[in-house]
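Quick check, what structure comes out for this input:
(chains A and B)
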Amino acid sequence: MIDPRLQVKLPGLTMKNPVMPASGCFAFGREYAQFYDLSELGAVAIKGTTSGLRSGNATPRVAETPSGMLNAIGLQNPGAEAVRDAELPFLANYDVPVLANVSGSTPEEYEEVIRTLTDVENVGAFELNISCPNVKEGGIQFGTDPEAAAELTAAVKRITSKPVYVKLSPNVTDVTAIALAVESAGADGLSLINTLLGMRMDWQTGKPVLANEKGGLSGPAVKPVALRMIYDVRQVTRLPIIGMGGIQTAEDVIEFMIAGADAIAVGTANFSNPFACPSIIQELSKWLERLDIEHIGDIRQQGETV
Amino acid sequence: MRNEMMTVAKNQEIAANTYELTLSGALVNDISKAGTFLHIEVPGGDLVLRRPISIASVDPVAGTCTLVYKEMGEGTKRLARCRPGDLLAVLGPLGNTGFPVESPQAEDHVLLIGGGVGVPPLYYAAYELAKRKVTFTVILGFQTKAAVFYEEQFRYLPGSEVQIMTDDGSYGGQGTVIDALKTRTDRPAWLFSCGPRGMLRALEIVSAQPGTKGYVSLEERMGCGVGACLACVCETADRSSYRKICQDGPVFAFKEVLL
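Now for the predicted structure:
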């Protein structure tokens, strides 16, 4: 059942509803396709893809934190060609656009991944991951410097006609500076926030819990940070924003839209509840009735108040 | 596999900080492999990760399954507080591989070696072996007498020989399961094991003997439990790639993975 009040159209992504699973929390969809029809989703953001296969970090790769979790997976993925040949065809069985998350160590690697995936029909848009905190060279070096972020954005825009969203890191002093830099370089949209860099220690061993020592914090614990950053970015740009950070419920989605998001991504909540995305979508319809709103987009803060 | 609100039928301490949890629900009908696990949401809503716990036994007539877990942190502490009638959100059964209980021939001898909370999936395996009239030896290691559990349950199974070891010698033999193994001269056709990594690494030597087929059930900190998040991986023995413990396992041949 499609609720027309939930439909959202973003560059490259014509979505039945504003809900997509976040990159890295859904692999390439196969596992969750056991639970529900992926065509129910607004879009699917696939696992961060690099040019070659990456095997990721040592274990433990996750640790629980108050109302959240740390992860340091390390961009484990089969590489762009395998994603193109084995994973994207699976998602093509569903009526759902793909947001292809792209990672790399060098600008050339980002370009190579995009070249490999750009002609795949069900890839509606790219999401440049310039904010993975878990690998030495996995993009965050581009995500914390406005100039480097802009250069990378401009470089990939030159090689693909598909829209490019830039996924922003919260591990910066001023997220709006990065947002403005990538906008001027031609970004078609923004997604935020990636995880917050964090740590946990094991009192028994006296060492960090994660093998990678540091990891990315996600889950409800980061929700207020995400809302604040989306709100700040919304003040300075009209670019579409995919908001994420601890979303668990339809009420959370509404909060993100009030802050300025056009669509949202659900990450950690998929782990505690594999049905998180479809249940949020169902609840959203009920909320529209309750709030007497004709279209979900009406909730969104209009932005650029400056 | 399904996600179900299961009812707590029983939840009791059976050894020091070790609890036996019996759950009832339709999900029980889906359980068929010794080694698979359930992914349980911790009551309270603020702990975002489910707790993966191995299945120790299934009673299809009563429609129940039993798990054994150790109270270690906040999550298992809250599980320990559950009372009969409480509901728990359970995802499962998870894992695609179990111990190959149908493979040993009647004349084969099977060795089951478990340490601490690695013991429960071995009980499920032993039960299935006994049902198939296969004889087996069980060696279980615990820290101390107060931690010992399931000894009687194993002894009760036909065809079983049970040996208990404690680190401090307060019950059974003194030492580890590896110490117990060293005194044995027989060569098992099959080895099923589950327990701490150090114990499993030591067992690799036994499993490498010609004529022994060794299997190990692995545990690791998990995220989704279904193979999507890539948190609970282990390297393959040739170090060429990774296996997902939750989805490709949790039971692997010793020769397949790097311990």
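
In the stretch 51-200 of chain B, which residue sits closest to chain A?
Here the stretch 51-200 of chain B gets closest to chain A at one residue, residue B:91, 6.5 Å apart by CB to the nearest CB. Using the backbone N, CA and C atoms, a C-beta is placed for each residue, glycine as well.

Other residues contacting whichever strand or helix holds that residue?
In this assignment (DSSP states H and E), residue B:91 forms part of strand B:87-94. With contact meaning CB atoms under 8 Å, 6 or more residues apart in numbering or on different chains, strand B:87-94 is reached by A:273-274, B:1-8, B:23, B:25, B:27, B:30-33, B:36-41, B:43, B:50, B:52, B:55, B:79, B:82, B:225-226, B:246-247.

Now that strand: buried residues?
B:88-94 (16 or more other CB atoms under 10 Å in any protein chain shown).

Partner strands of it and their direction?
Neighbouring strands of strand B:87-94 in its sheet, by DSSP bridges, are strand B:2-15 (antiparallel), strand B:37-40 (antiparallel).

Share the number of residues neighbouring the nearest residue to residue B:71 once chain neighbours are set aside, please.
Leaving aside its chain neighbours, residue B:71 sits nearest to residue B:17 (4.4 Å; criterion: CB to CB, 6 or more residues apart in numbering or on different chains). Neighbours of residue B:17 under the rule other CB atoms under 10 Å in any protein chain shown: 14.

so how far is chain A from residue B:17?
15 Å (CB to the nearest CB, to the nearest Å).

mind listing what that residue touches?
Contacts of residue B:17 by CB under 8 Å, 6+ apart are B:70-72.

again, but for residue A:182
If you count contacts by CB under 8 Å, 6+ apart, then residue A:182 has A:149-150, A:153, A:166, A:190 around it.

how about the residues you listed, which pair is most distant?
The span of the contacts of residue A:182, defined through CB to CB, is set by A:150 and A:190 at 13.0 Å.

out of the strands paired with strand B:87-94, deepest packed?
Ranked by mean neighbour count, the strands paired with strand B:87-94 are led by strand B:37-40 with a mean of 26 (mean count of other CB atoms under 10 Å in any protein chain shown).

Give me the contact list for that strand.
By CB under 8 Å, 6+ apart, strand B:37-40 touches B:23, B:27, B:50-55, B:65, B:67, B:79, B:88-95, B:121, B:222, B:225, B:250.

Who does residue B:23 form a beta bridge with?
Residues in beta-bridge contact with residue B:23 (DSSP bridges): residue B:8, residue B:65.

I'd like to know how many residues surround it.
26.

could I get the contacts of residue B:17 as TSV with distance to residue A:300?
What follows is those, written out as TSV (distance: CB to CB, whole Å):
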residue	distance to residue A:300
B:70	48
B:71	46
B:72	44
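
So for residue B:72, what pLDDT did the model give?
pLDDT, residue B:72: 91.

and if you look at the one 4 residues further on?
At residue B:76, the model reports a pLDDT of 96.

for residue A:204, same thing?
pLDDT, residue A:204: 90.

Please report phi then psi for residue A:39.
phi -70, psi -10 (degrees, to the nearest 10).

residues contacting it?
A:94-96.

tell me which of those is nearest to residue B:183?
Among the contacts of residue A:39, and counting by CB to CB, the member closest to residue B:183 is residue A:94, at 58.4 Å.

I'd guess the closest one is in a strand, am I close?
No: counting by DSSP: H, G, I helix; E, B strand; the rest coil, residue A:94 is not found in a strand; it is coil.

Surely it touches residue A:38?
Yes: Residue A:94 is within contact range of residue A:38, at 4.2 Å (criterion: CB atoms under 8 Å).

Give me the more crowded residue out of these two.
residue A:38 (21 against 17).

what's near enough to touch that one?
Neighbours of residue A:38 in contact, by CB under 8 Å, 6+ apart: A:29, A:32, A:44, A:91, A:94, A:96.

Among those residues, name the buried ones.
By 16+ other CB under 10 Å, those give A:29, A:32, A:44, A:91, A:94, A:96 as buried.

with those in mind, which one is nearest to residue A:201?
residue A:32 (32.9 Å).

And the helix or strand hosting residue A:277, what's buried?
Assigned by DSSP H and E, residue A:277 belongs to helix A:276-291. For helix A:276-291, a neighbour-count test (16+ other CB under 10 Å) marks A:276-281, A:284-285, A:287-288 as buried.

Low-confidence regions, the stretch 101-250 of chain A specifically.
A:133-139 (pLDDT under 70).

tell me which parts of chain A are close to chain B?
By CB under 8 Å from any CB of the partner chain, the residues of chain A that approach chain B are A:24-27, A:30-32, A:34-35, A:47, A:55-56, A:59-64, A:66-69, A:71, A:73, A:76, A:219-220, A:268-275.

Quick check: strands, which of those are part of them?
A:62-64, A:68-69, A:71 (DSSP state E).

now the residue lying closest to residue B:97 once chain neighbours are set aside: how far from residue B:216?
Closest residue to residue B:97 apart from its sequence neighbours, by CB to CB, 6+ apart: residue B:251 at 4.3 Å. Distance, residue B:251 to residue B:216, by CB to CB, to the nearest Å: 7 Å.

Residue A:99 too?
The value you get for residue A:99 to residue B:216, if CB to CB is used, is 39 Å.

Then residue B:26?
Distance from residue B:26 to residue B:216, by CB to CB: 31 Å.

Where does the prediction get shaky in chain B?
Looking at chain B by pLDDT under 70, you get an empty list.

residues from it in reach of chain A?
Going by CB under 8 Å from any CB, the residues of chain B near chain A are B:1, B:3, B:41, B:46-50, B:75, B:89, B:91, B:220-235, B:241-242, B:247.

Run through the residues that contact the spatially most central residue of chain B.
Centroid-nearest residue in chain B: residue B:121, 2.7 Å away (criterion: CA atoms, centre = their mean). Shown in contact with residue B:121 (CB under 8 Å, 6+ apart): B:34-35, B:37, B:54-56, B:99, B:194, B:217.

Just the buried residues from the residues you listed, in PyMOL please.
Typed into PyMOL, the line below selects the buried ones among the contacts of residue B:121, using 16+ other CB under 10 Å:
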select buried, chain B and resi 34+35+37+54+55+56+99+194+217
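
Dump the contacts of residue B:121 into TSV; add distance to residue A:170 and secondary structure as well.
Shown next, in TSV, are the contacts of residue B:121 (distance: CB to CB, whole Å; DSSP: H, G, I helix; E, B strand; the rest coil):
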residue	distance to residue A:170	secondary structure
B:34	45	coil
B:35	40	coil
B:37	34	strand
B:54	37	strand
B:55	40	strand
B:56	43	strand
B:99	45	coil
B:194	40	strand
B:217	39	strand
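
quick check, nearest of the contacts of residue B:121 to residue A:159?
Nearest member of the contacts of residue B:121 to residue A:159, counting by CB to CB, is residue B:37, at 45.2 Å.

need the helices for chain B, in chain order.
B:74-80, B:119-131, B:151-156, B:177-182, B:197-207, B:245-248 (DSSP state H).

Report the buried residues of the last one.
In terms of neighbour count (16+ other CB under 10 Å), helix B:245-248 has its buried residues at B:245-248.

With the fifth one instead?
Going by neighbour count (16+ other CB under 10 Å), the buried part of helix B:197-207 is B:199-200, B:202-204, B:206-207.

Is the residue lying closest to residue A:109 once chain neighbours are set aside in a helix, a strand, or coil?
Sequence neighbours aside, residue A:51 is the residue nearest to residue A:109 in space, at 4.9 Å (criterion: CB to CB, 6+ apart). With three-state DSSP as the basis, residue A:51 sits in coil.
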